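Asker: How does the following fold in three dimensions:
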Amino acid sequence: MSTLPVCQTLLLELHNGVLHITLNRPDSRNAMSLQMVGELRAVLAAVHDDRAVRALVIGGAGGHFCAGGDIKDMAHAHVQGPAACQDLNRAFGTLLQAVQHAPQVVITVLQGAVLGGGLGLACVSDVALADHQAQFGLPETSLGLLPAQIAPFVVQRIGLTQARRLALTAARFDGTQAKRIGLVHFVEHDAQALAERLEEVLAHVLCCAPEANARTKQLLLASAGQPADALLDEAAGWFSEAVTGAEGVEGTQAFVQKRKPGWAPS
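Answerer: Numbering: from 1, shown residues only. Next comes the predicted model:
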């Protein structure tokens, strides 16, 4: 059995072959800090070759899944310079690739905020369950930034037409709409129904042979084509230019100061 790493931003519970991973920064609606990215990658690496771990269930503490990237980390990287911004952004893309290619079945349970990087994480899950009132969105462009590491996975999940609409308007939408466009598979109307649906999905997963599932997932991903490392590297460079540019500075300052950025109508 795998030895799980000690984590400060995650809660881990392994039970009957299912590893429950809870994003645990409720004060920030589970914003994805660099520390959380590193801990998630460490957990994925620890169980990668363990076929006794059949499924990974990722949820969030405090009624939210994940509100996106941590603005404080971005501000710190900004002070350090463009290279730090690029490295910070690319680290999240590496996490998304690791989740995408995890041999286990990855299930996301989506409640509250599912924004930016949180939406990206949902897009690389094998099965996504959502509360009907969950709030999805790609707010990056409203902050003067780019969904740099997320965009290729969103396009792969829901197609270019829908991805263009969502990314270029920063529109918010609920769980019902997320199911309509193919981002999630199941939508439930209360916590009890969500828990029951999770148990139903897990029961089906556990009927499947673990190595056969791992190989089948590898085959399906290869058949669909994958976001390339080169594209994600280039996207990280574009993100660095955006976050250190005039729009990125104005957008992030406006977010912190809880006001509209200069380009938005008053």
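Asker: Now for Leu44: which residues touch it?
Answerer: Taking CB atoms under 8 Å, 6 or more residues apart in numbering, we find Leu44 in contact with 56, 98-99, 102. To be clear about C-beta, it is placed using only N, CA and C from the backbone, and glycine gets the same treatment.
Asker: in the stretch 101-250 of the chain, which spans are helices?
Answerer: 117-123, 151-158, 160-169, 175-180, 191-205, 210-224, 229-244, 246-256 (DSSP state H, counting those that start in this stretch).
Asker: name the helices or strands packed onto the shortest one?
Answerer: Judged by 3 or more CB pairs under 8 Å, 6 or more residues apart in numbering; DSSP states H and E, helix 175-180 is in contact with strand 127-131, strand 135-137, strand 186-188.
Asker: How about that helix, which residues are buried there?
Answerer: Judged by neighbour count using 16 or more other CB atoms under 10 Å, the buried positions of helix 175-180 are 175, 177-179.
Asker: Counting neighbours, what do you get for Ser223?
Answerer: Using other CB atoms under 10 Å, the number of residues around Ser223 comes to 7.
Asker: From Lys72, how far off is it?
Answerer: 40 Å (CB to CB, to the nearest Å).
Asker: Then Thr22?
Answerer: Counting by CB to CB - Thr22 and Lys72 are separated by 21 Å.
Asker: And Asn30, by the same measure?
Answerer: 14 Å.
Asker: So for these two, which residue has more residues nearby?
Answerer: The residue with more neighbours, out of Asn30 and Lys72, is Asn30; 29 against 13, by other CB under 10 Å.
Asker: The more buried one against Leu23, yeah?
Answerer: Yes - look at Asn30 against Leu23 with CB atoms under 8 Å: they come within range, at 4.0 Å.
Asker: Between these two, which contacts overlap?
Answerer: Common neighbours of Asn30 and Leu23, using CB under 8 Å, 6+ apart, are 36, 60-61, 65-66.
Asker: Now the two most distant members of those residues.
Answerer: Met36 and Phe65 (12.6 Å; CB to CB).
Asker: list the contacts for the residue lying closest to Met32 once chain neighbours are set aside?
Answerer: For Met32, ignoring the flanking residues on the chain, the nearest one in space by CB to CB, 6 or more residues apart in numbering is Gly117 at 4.6 Å. Contact analysis of Gly117 by CB under 8 Å, 6+ apart lists 32, 66, 68-69, 92, 149-150.
Asker: and if you look at Thr3?
Answerer: For Thr3, the contact set (CB under 8 Å, 6+ apart) comprises Ala46.
Asker: name the element it belongs to?
Answerer: In the assignment (DSSP states H and E), Thr3 maps to no helix and no strand.
Asker: cool, the one 5 residues further on as well?
Answerer: Using DSSP H and E, Gln8 sits in no helix or strand.
Asker: correct me, but it touches Gly38?
Answerer: No - contact between Gln8 and Gly38 fails when scored by CB under 8 Å: they sit 10.3 Å apart.
Asker: Compare the two (neighbour count), which wins?
Answerer: Set Gln8 next to Gly38 and count neighbours by other CB under 10 Å: Gly38 wins out with 15 against 10.
Asker: Out of the contacts of Leu44, list just those in helices.
Answerer: 98-99 (DSSP state H).
Asker: between the contacts of Leu44, which is nearest Ala264?
Answerer: Checking those against Ala264 with CB to CB, the nearest one is Val99 at 32.9 Å.
Asker: how near is the residue lying closest to that closest one once chain neighbours are set aside to Gly93?
Answerer: The shortest distance from Val99 to any non-neighbouring residue, by CB to CB, 6+ apart, is to Val124 (4.6 Å). To Gly93, Val124 is 11 Å away according to CB to CB.
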